[in-house]
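Peer 1: Next one to model:
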Amino acid sequence: EVQLVESGGGLVQTGGSLRLSCAVSGLSFDVYDIGWFRQAPGKERERVSCISNSDDITYYADSVKGRFTISSDNAKNTAYLQMDSLKPEDTAVYYCTLGGCTTGGLLYYGMDYWGKGSLVTVSS
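Peer 2: Coordinates of the predicted model:
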């Protein structure tokens, strides 16, 4: 059974930092695109960042560019999202995903696996 388990969320003040982790079990994820989405209360789920293995592309949403950094450790089968200079509008449940970052250089939404999410709350 494939499992993605996020951790590292919590409450932080504006301007603070958090690092989310996504531990993957049940497969070796180094052949998959990895990504992070978020969903704020009352809003649609949005893609935050992803790494495309096939196209060698790292994508960031404009809203997080320069503040968030996506990375992975294949030896640990773990993906990370470092979040700095956090703002109240970053408050959301954050989900990690495997698969479906880009295809042919274009953003693609064919994710294969999803985690259950980790809540990040940024206080003003």
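
Peer 1: Okay, the residue nearest the centre of the chain and residue 124: tell me how far apart.
Peer 2: Here the mean C-alpha position of the chain is nearest to the C-alpha of residue 36 (CA atoms, centre = their mean), at a distance of 2.0 Å. Residue 36 sits 23 Å away from residue 124, taking CB to CB, to the nearest Å as the criterion. For glycine as for every other residue, the C-beta is placed from the backbone atoms N, C-alpha and C.

Peer 1: Over to residue 2?
Peer 2: Spatial separation of residue 2 from residue 124 under the definition CB to CB is 38 Å.

Peer 1: More neighbours: which of the two?
Peer 2: Between residue 2 and residue 124, counted using other CB atoms under 10 Å, the more crowded position is residue 2 (11 against 8).

Peer 1: Can you check what pLDDT the model gives that one?
Peer 2: In this model, residue 2 is scored at 94, pLDDT.

Peer 1: quick one: it and residue 29 touch, right?
Peer 2: No: checked against CB atoms under 8 Å, the pair residue 2 and residue 29 is beyond contact range at 9.1 Å.

Peer 1: joint contacts of those two?
Peer 2: A shared contact of residue 2 and residue 29, defined by CB atoms under 8 Å, 6 or more residues apart in numbering, is any residue touching both; here these are residue 98.

Peer 1: Tell me who's in contact with residue 111.
Peer 2: The contact partners of residue 111, taken as CB under 8 Å, 6+ apart, are 35, 97-100.

Peer 1: Quick one: mean pLDDT over stretch 9-19.
Peer 2: Mean per-residue pLDDT for stretch 9-19: 98.

Peer 1: CA atoms only for it, dumped as CSV, please.
Peer 2: What follows is the C-alpha trace of stretch 9-19 in CSV, where atoms were taken according to Å, rounded to 0.1, in the frame of the first residue of the first chain:
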residue,chain,number,x,y,z
GLY,A,9,2.5,21.8,10.0
GLY,A,10,1.4,24.0,12.9
LEU,A,11,0.9,27.6,14.1
VAL,A,12,3.4,30.2,13.3
GLN,A,13,3.5,34.0,13.3
THR,A,14,3.7,36.2,10.2
GLY,A,15,7.2,36.2,8.9
GLY,A,16,8.1,32.9,10.5
SER,A,17,9.1,29.6,8.9
LEU,A,18,8.0,26.0,8.8
ARG,A,19,9.3,22.9,7.0
